[in-house]
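>>> Have a look at this prediction, sequence included:
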Amino acid sequence: MMNKQGRPTAATGGDTAGFTTISGHSGLDHEEKLIFELGRTGKCGVDLPEPELKHDRLGGLRRRGTIGLPGLSEPEVVRHFVRLSRKNYAIDSGFYPLGSCTMKHNPRLNEKMARLAGFADIHPLQPVSTVQGALALIDQLAHWLKLLTNMPAVAMSPKAGAHGELCGLMAIKAAHEARGDRRTVVLVPESAHGTNPATAALVGYTVEEVPANERGRVDLEALKAKLGPHVAAIMLTNPNTCGLFENDMIEISKAVHAAGAYFYCDGANFNAIVGRVRPGDLGIDAMHINLHKTFSTPHGGGGPGSGPVVLSAALAPFAPLPLVVHGKDGFQLVEDPATAKAHDAQPYGRMSAFHGQMGMFTRAMAYMLSHGADGLHTAAGDAVLNANYVLASLKDVMTAPFGATGPCMHEALFDDSFLKDTGVTTLDIAKAMIDEGYHPMTMYFPLVVHGAMLIEPTETESKFALDEFIRVMKGLATAAKSGDKARFEGAPHLAPRRRLDETAAARKPVLRWIPSAPRAEAAE
Amino acid sequence: MRYLPLTEADRRQMLGVIGTKSVDDLFRDVPAAARLTTLIDLPMHAGEIEVERQMARLAARNVSAGSVPFFCGAGAYRHHVPASVDHLIQRSEYLTSYTPYQPEIAQGTLQYLFEFQTQICMLTGMEVANASMYDGSTGTAEAVLMAARVTGRKRVVLSRQLHPQYAETVRTTCEMADIEVVDGDAATLDDKTACFVVQNPDFYGSIADITPLSDAAHAKGALLIAVVTEIVSLGAITPPGEMGADIVVGEGQSIGNALNFGGPYLGILATRQKFLRQMPGRLAGETVDAEGRRGFVLTLSTREQHIRREKATSNICTNSGLCVLAFTIHLSLLGEDGFRRLAALNHDRAVLAADRLSKVKGVELVTPTFFNEFTLKLSKPAAAVVDTLAGQGIIAGVPVSRLKPNDPAAANLLLVAVTETVTPSDIDALAGALAKVL
């Protein structure tokens, strides 16, 4: 049996198809074993010279016994990973409206530039005289990030957004402690990313939540009531996780500073305002920028990211090592506290070995050069336009909790009240979207909205793609309301896998392949 | 602009549906004072030709490792990466997908993470491994925090032979978390110590049986954290899991990943089954789908920040997915035989280099045991020698003083790494150049 896209509907058995193949494959969708089940001893996919092994200097610690790695030739390995790849949804193959994650197009020019030998094949500790181009690139990217945010300093080394949050809060803690001020609390809105409270806790702070108002923004009066001499900082995402601009940013900043605290802005959503609003003009003290969101470095199935942190004048002296500075012989790297002191810096420490995610810097730079000032301005505008178009087109069939408060920014937030009494949940809608050829939106986040569905189209989707998506979402909403539960129950039907048993996975964790393990049986 | 599909006509139509006059009007929640009326002072957009020209100009101002005799290591190693690795990781389905939160359409990513976790367990001799950390240094800091959680103790002892920048990363993290950090050895351990962090091969390249250190740590109720900065070494030497380590962390860059001036890399973190629920980071686990077919999911996420928030085991979210994929593919290509041969080849070349270089007048080999990296004591300050040789087109290695600027004993020490990409004639060139300057 074929579905309307002409694809068989199940690989082996199952209740959605009356058709079972002999191979267990399903046309283009191959069942693929683990690499350990495919390999054999005595095969190798890399030809290397034979070592001479006349003598070793391993101090009697030569590894004994087999490691257990399977052997395969190059074509076998290539086929394995190509087959696996085809089980992944990707931006390049379809619309990926994952709110808060910014799944925009990843230009291949950036990949090509990052692979130039002059960037990819240089060592972090080779002489500074031999990496002047790399340091110039870091310096230029840093300068541009400062211009785009109107902030005086930037720490380039954090390796992802959450690592940037850690960097920002460490600078804040160092700044308080430099004055002998030991504060204990960080304020975080209920709608925050989980990384915010987790980061504050990691730096030794107690987290207190700030409630949202009925307009989906931070409740300014409630925030003021929470401020005091014990509060080290507030961490606020702007535009926030409801996809809304925090209109009281300047008042919040004034209140926070009046209380002697610092203002950390989670810059995960900077893509909505880049080139149009400079966070420094809103009174913030620190903000990380996810280069893999705003500046399109690829998400890569979960990294690597990069999270440079811009810093205010108050926090700039505490920026972590290393620092790139201009010296008489070109660029210099400051890698130790004593040298930093000579440059009037008092770094709180170091975020990681070496100098940050150079491979992401090159990609972000290629992206910024490609867009330019005009392109970045247009990109942010189109991202916001696309989100508002989705919001305007769907708010009458779905329910938008803040739809009446004005425009959204780069993402449109819906709740599940339109599903009331239908027996269909947010999860069901998400899984039915998979059958329709879409990646689901972010669901059940932010936590301040019941059954949240957060849709971020990004600026790289065409009107045609959005119109198709809107048509499908309207269809799903109508189907749910009209009692067509079968469409949703057990969805997805047409993906490489049906819903997976996450409870079983967590209850009896199997986290590695073990040679003698019996094959998994169906959990009836 | 080539990346932006909307036309002016599209924008007008869409604004009509929204009921707004202009795109600018959609930004009306921004305080008026903060709304920019002019463009940021950056260059205007550019086509591929111009971008390539500008980027190539910057790249040309760097000396790439492959263009000269090259001997830098110290936590980042230049190995050959097969062409198919870079081809496969650039497939759209891997490059442009997100964290696999929707497992039905992310089995590709989830399965390779599961394969990676298995490979790491095999290499380290441990029972469970996570789906990666940012890099070796941040992974080490996370391991130390994990040990503090497991033991309920707030004192950490770092071996003096730990990579100095790893030690600084750990110290920074611990100071912020009010955990005491002490440099020391087995004698420094006490019954308040959460863990002892040792590197093998150590920062200077030496290899040691760390079993006595594990025993010493365990005698005080502390955990032994073993750090591996050159993971290819595990193809030649006894893995930390067979020497009593409780947590193994390290840098996986050597397999599948280019030098990239220090990042992105991938951190590995493996441990004993009994510490599973105190691990940081993502874990892929096996399960079945509604039709009973094997599949994989991210699991045990109640440890993680997106569920547990301030009570999470770490704040980590994004890790090193694509670098993990490169690792997994490269190690799959190598297999048992290839990985062992690669390790043996590295050791062979390093032995050849150590013997050749230590015959040069003014050069003394100070690490009698080593894998593919060793320390030389020169008759002159190593930093100046390295700079001089760089001027002659030879990157001689990493002067220890760069990482230990305040240690007078380090001034003449040179770290030399020799991988399979180094040729005998490269070694001759280095030996000849050293003979002239010393």
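Sure, I can see it.

>>> the helices in the stretch 301-450 of chain A, which residues?
According to DSSP state H, counting those that start in this stretch, the stretch 301-450 of chain A carries its helices in the segments A:337-342, A:358-394, A:426-435.

>>> Tell me which of the ones you listed lies nearest to chain B.
helix A:358-394 (3.6 Å; CB to the nearest CB). For glycine as for every other residue, the C-beta is placed from the backbone atoms N, C-alpha and C.

>>> and the closest one, which residues are buried?
Neighbour counts over helix A:358-394 (16 or more other CB atoms under 10 Å in any protein chain shown) mark A:358-394 as buried.

>>> Same check on stretch B:265-284?
Judged by neighbour count (16+ other CB under 10 Å), stretch B:265-284 contains these buried residues: B:265-272, B:275-276, B:278-284.

>>> quick one: low-confidence parts of the stretch 251-400 of chain A?
Along the stretch 251-400 of chain A, no part satisfies pLDDT under 70.

>>> And the strands in it?
Secondary structure of the stretch 251-400 of chain A (DSSP state E, counting those that start in this stretch): strands at A:262-266, A:286-288, A:309-311, A:323-327, A:330-334.

>>> In CSV, list the ones you listed along with mean neighbour count and distance to chain B.
Formatted as CSV, these follow (neighbours: other CB atoms under 10 Å in any protein chain shown; distance: least, CB to the nearest CB, whole Å):
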stretch, mean neighbour count, distance to chain B
strand A:262-266, 28, 12
strand A:286-288, 31, 12
strand A:309-311, 30, 14
strand A:323-327, 15, 12
strand A:330-334, 18, 9
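
>>> related to what we said a few turns ago, please list which of the buried residues of helix A:358-394 are also close to chain B.
Among those, the ones lying close to chain B by the criterion of CB under 8 Å from any CB of the partner chain are A:358-360, A:362, A:365-366, A:368-379, A:381-382, A:384-386, A:388-389, A:391-393.

>>> Just give me the neighbour total for the closest residue to A:Ala432 other than its chain neighbours.
Nearest residue to A:Ala432 in three dimensions, chain neighbours excluded: A:Ala491, at 4.4 Å (CB to CB, 6 or more residues apart in numbering or on different chains). Per other CB atoms under 10 Å in any protein chain shown, the neighbour tally for A:Ala491 reads 24.

>>> just checking, A:Ala491 touches A:Lys431?
Yes. A:Ala491 is in contact with A:Lys431 according to CB atoms under 8 Å; the separation is 4.0 Å.

>>> Touching both of the two, which residues are there?
Common neighbours of A:Ala491 and A:Lys431, using CB atoms under 8 Å, 6 or more residues apart in numbering or on different chains, are A:Arg499.

>>> Which one of the strands of the stretch 251-400 of chain A lies nearest to B:Ala396?
Across the strands of the stretch 251-400 of chain A, B:Ala396 has its closest neighbour in strand A:330-334 (18.3 Å, CB to CB).

>>> tell me the angle that closest one makes with strand A:323-327.
140 degrees (axes from the mean of the first three to the mean of the last three CA atoms, to 10 degrees).

>>> list the helices and strands strand A:330-334 packs on?
Packing partners of strand A:330-334 (3 or more CB pairs under 8 Å, 6 or more residues apart in numbering or on different chains; DSSP states H and E): helix A:132-149, strand A:323-327.

>>> Secondary structure element holding the residue most central in space within chain A?
Nearest to the mean C-alpha position of chain A, by CA atoms, centre = their mean, lies A:Cys101 at 5.2 Å. Following DSSP states H and E, there is no helix or strand that holds A:Cys101.

>>> check contacts around the spatially closest residue to it that is not a sequence neighbour.
Excluding the flanking residues, the one nearest A:Cys101 by CB to CB, 6+ apart is B:Tyr98, at 5.6 Å. Each residue near B:Tyr98 by CB under 8 Å, 6+ apart is listed here: A:Tyr96, A:Leu98, A:Cys101, A:Met103, A:His299, A:Gly301, A:Gly302, A:His439.

>>> switch the cut-off to 10 Å
Contact analysis of B:Tyr98 by CB atoms under 10 Å, 6 or more residues apart in numbering or on different chains lists A:88-91, A:96, A:98, A:101-103, A:292, A:298-302, A:439, A:442, B:106, B:109, B:318, B:321.

>>> what residue ranges in the chain are flagged as low confidence?
Answering for chain A, as no chain was given. A:1-18, A:516-524.

>>> Scan it for its longest strand.
Counting residues, the longest strand found in chain A (DSSP state E) is strand A:231-237.

>>> Whether it contacts chain B - can you check?
No. Judged by CB under 10 Å from any CB of the partner chain, strand A:231-237 stays clear of chain B, getting no closer than 11.4 Å.

>>> In this structure A:Pro298 contacts B:Cys323, no?
No. Counting by CB atoms under 10 Å, A:Pro298 stays clear of B:Cys323, with 11.7 Å between them.

>>> Spit out the residues that contact those two alike.
Joint contacts of A:Pro298 and B:Cys323 (CB under 10 Å, 6+ apart) are A:Pro304, B:Ile89.

>>> Number of residues surrounding A:Arg179?
When neighbours are counted by other CB under 10 Å, A:Arg179 comes out with 8.

>>> Also A:Asp484?
16.

>>> From A:Gly307, how far out is the residue nearest to the centre of chain A?
Separation of A:Cys101 from A:Gly307 (CB to CB, to the nearest Å): 14 Å.

>>> One more: B:Pro381?
Applying CB to CB to B:Pro381 and A:Gly307 gives a distance of 37 Å.

>>> Helices of chain B, start to end?
For chain B, applying DSSP state H gives helices covering B:8-18, B:48-59, B:83-89, B:92-95, B:107-124, B:136-151, B:164-176, B:211-219, B:305-308, B:321-357, B:382-391, B:400-403, B:424-437.

>>> Check these for me: which has the lowest mean pLDDT.
Note on those: helix B:305-308 shows the lowest mean pLDDT, a mean of 87.

>>> Find out how far that helix is from the centre of the chain, if you would.
Mean-position distance between helix B:305-308 and its chain equals 25 Å (CA atoms, centre = their mean, to the nearest Å).

>>> contacting residues around B:Glu142?
For B:Glu142, the contacting residues are A:202, B:130, B:133-134, B:170, B:173, B:247, B:249, B:267, B:269, B:279-281, B:313-316, by CB under 10 Å, 6+ apart.

>>> What residues sit buried inside stretch A:224-238?
Neighbour-count burial for stretch A:224-238, counted by 16+ other CB under 10 Å, picks out A:Lys226, A:Leu227, A:Val231, A:Ala232, A:Ala233, A:Ile234, A:Met235, A:Leu236, A:Thr237, A:Asn238.

>>> so what's residue 418 up against?
All of this is about chain A. Counted by CB under 10 Å, 6+ apart, A:Phe418 has contacts A:394-400, A:424, A:429, A:451, A:453, A:477, A:480-481.

>>> hmm, I had chain B in mind actually
B:Val418 neighbours (CB under 10 Å, 6+ apart): B:70-71, B:73, B:77, B:346-354, B:357, B:370-374, B:397, B:426-427, B:430.

>>> now B:Leu298
A:302, A:502, A:505-506, B:99-101, B:103, B:106, B:109-110, B:113, B:131, B:282-285, B:304.

>>> So what does B:Val418 look like in phi/psi?
The phi/psi pair for B:Val418 (degrees, to the nearest 10) reads phi -130, psi 110.

>>> that older thread, near chain A, from the buried residues of stretch B:265-284?
Subset of those in contact with chain A: B:Tyr265, B:Leu266, B:Gly267, B:Ala270, B:Leu276, B:Met279, B:Arg282, B:Leu283, B:Ala284, counting by CB under 10 Å from any CB.
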